[in-house]
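Enquirer: here you go, sequence then predicted model.
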Amino acid sequence: MRRNALGALLVLLAACGGEPSPLDTELRWYVFAEPSGAFADAARRCSEGSGARYRIAIEALPADADQQREQLARRLAARDDSIDLVAMDVIWTAEFAEAGWILPLADEHAAAARRGRLEAAIASASYGGRLWAVPFTSNAQLLWYRKDRVREPPRTWDEMLAQARALGADGTIEVQGERYEGLTVLFVSLLASAGGAVLADDGRSVALAEEPTRRALAILRDLGRSPAASPSLSTTKEDEARLAFESGGSSFMVNYTFVWPSALRNAPAVAERTGWARWPRVLREQPSRVTLGGVNLAISAFGRRPELAREAALCLASEPHQRTAAVRGGLLPSSEALYDDPQVRAAFPFAATLRETLRDAVQRPQTPLYSDLSLAITRTLHPIAEIEPERDVSRLRAAIERALASEGLL
């Protein structure tokens, strides 16, 4: 009997001191379900390259960014220790950091995460003087136009409106005019291109200088009331704009680069006649400044192995995996050198224009209350055809002040 008990004890000790179980080495990466398999390939390769120290398991989030944030916020607020790595939209950095849901990168990890990255991508992962995530993918809008109808792309919004009117029925301009985040992006890009900002440098008070804000609102109003406006402008998001442009009835569109592979696949005749250029300027003498998008990789404050998670995040966001995400998934890199990579340039023949755009990119307001602030903007400015710049500068300022005074992060 004593011998059997001793044997059982030895088995238990061996189990405790032996190789870790697969569950002990698993890192769970919460990320949207990327359809090309690029993220799954990165997780597999990083796991294999770790020497069995960790294995990355993907936990799929919804495609919709608002639903992603809601799921993550609920889990992190509950201190869910099943989350190790978070694929974080660039607009969540301040909120998640301020709430204590993610961990800052230590000096050596932060240095590695910054190396070779676009400055705008680094800024999107920063808050309060610290780096809170590894920049992974990037995103920005371009101007897409029918080069068989337009000899030279318009340099300014005023030029584009004039060219569209001259084209008559074929001159439709596709933008994102629905009451959602895309309208905030449109306004922030126009405002920054006019030399303004939503918030002051402290991120806690409203800026909205009179002249730049009035200029941005005037462009939105002029577009909304123009015969070149899409009949469905007030309900148009990115995909509706893409479909309208692919149908051949529109001559201009501001949208993200996913529209290019879509046109090649679904409307090759339109793609053959499509040109691209930087987003139109607001002020002729100043380059446009377009709102940055993308995804960064953050470390959960409640995961069981944060050091391994940091190492895994740097691997997932390394240049080989950025290249794969770009070529296979159409997701722009955060590393500047990749815009000269032959494979990336083959996938994005407009890579040079993208890099110029990203160098001048602007951040959306970096505040823990961003969701409330964005809602304030879209509710004030929708529909854009009803904007009155003289009246709505003060209305917008008041709405954002109320948003900044609200409480709660959900």
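Expert: That came through, no problem. Numbers count the residues shown, from 1 in each chain.
Enquirer: so which helix or strand of this structure has the lowest pLDDT on average?
Expert: Using mean pLDDT, DSSP states H and E, the weakest-scoring helix or strand in the chain turns out to be helix 2-17, at a mean of 43.
Enquirer: the domain parsing of this protein - what is it?
Expert: Listed domain ranges for the chain are 2-139+292-359, 142-291+369-404 (source: automatic domain parsing).
Enquirer: now the ones you listed as TSV including mean neighbour count?
Expert: C-beta: built from backbone N, CA, C; applies to glycine. Listed next are the domains of the chain as TSV, based on neighbours: other C-beta atoms under 10 Å:
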stretch	mean neighbour count
domain 2-139+292-359	18
domain 142-291+369-404	19
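Enquirer: ranking these by mean pLDDT, which is last?
Expert: Lowest mean pLDDT within these: domain 2-139+292-359, a mean of 91.
Enquirer: now that domain: how far from the chain's centre is it?
Expert: Taking C-alpha atoms, centre = their mean, to the nearest Å, the mean C-alpha location of domain 2-139+292-359 is offset from the chain mean by 15 Å.
Enquirer: ok so Val185 is a helix residue?
Expert: Yes - Val185 sits within a helix when classified using DSSP: H, G, I helix; E, B strand; the rest coil.
Enquirer: which stretches of the stretch 151-300 of the chain form helices?
Expert: 157-167, 181-193, 210-225, 238-246, 259-266, 268-272 (DSSP state H, counting those that start in this stretch).
Enquirer: one more: the stretch 301-410 of the chain?
Expert: 306-316, 319-329, 342-347, 351-359, 370-381, 389-404.
Enquirer: for Leu167, find the nearest of those.
Expert: Closest to Leu167 of these, according to C-beta to C-beta: helix 351-359, at 23.0 Å.
Enquirer: now for that closest one, which elements pack on it?
Expert: Counting contacts by 3 or more C-beta pairs under 8 Å, 6 or more residues apart in numbering; DSSP states H and E, helix 351-359 packs against helix 119-124, strand 142-146.
Enquirer: contacts for it, please.
Expert: With C-beta atoms under 8 Å, 6 or more residues apart in numbering as the test, helix 351-359 has contacts from 118-121, 138, 140-142, 257, 276-279, 288, 290, 292, 332, 336, 339-340, 344-345, 348.
Enquirer: if we can go back for a sec, CSV for the helices of the stretch 151-300 of the chain, including distance to Leu27?
Expert: Formatted as CSV, the helices of the stretch 151-300 of the chain follow (distance: least, C-beta to C-beta, whole Å):
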stretch, distance to Leu27
helix 157-167, 46
helix 181-193, 29
helix 210-225, 43
helix 238-246, 32
helix 259-266, 31
helix 268-272, 40
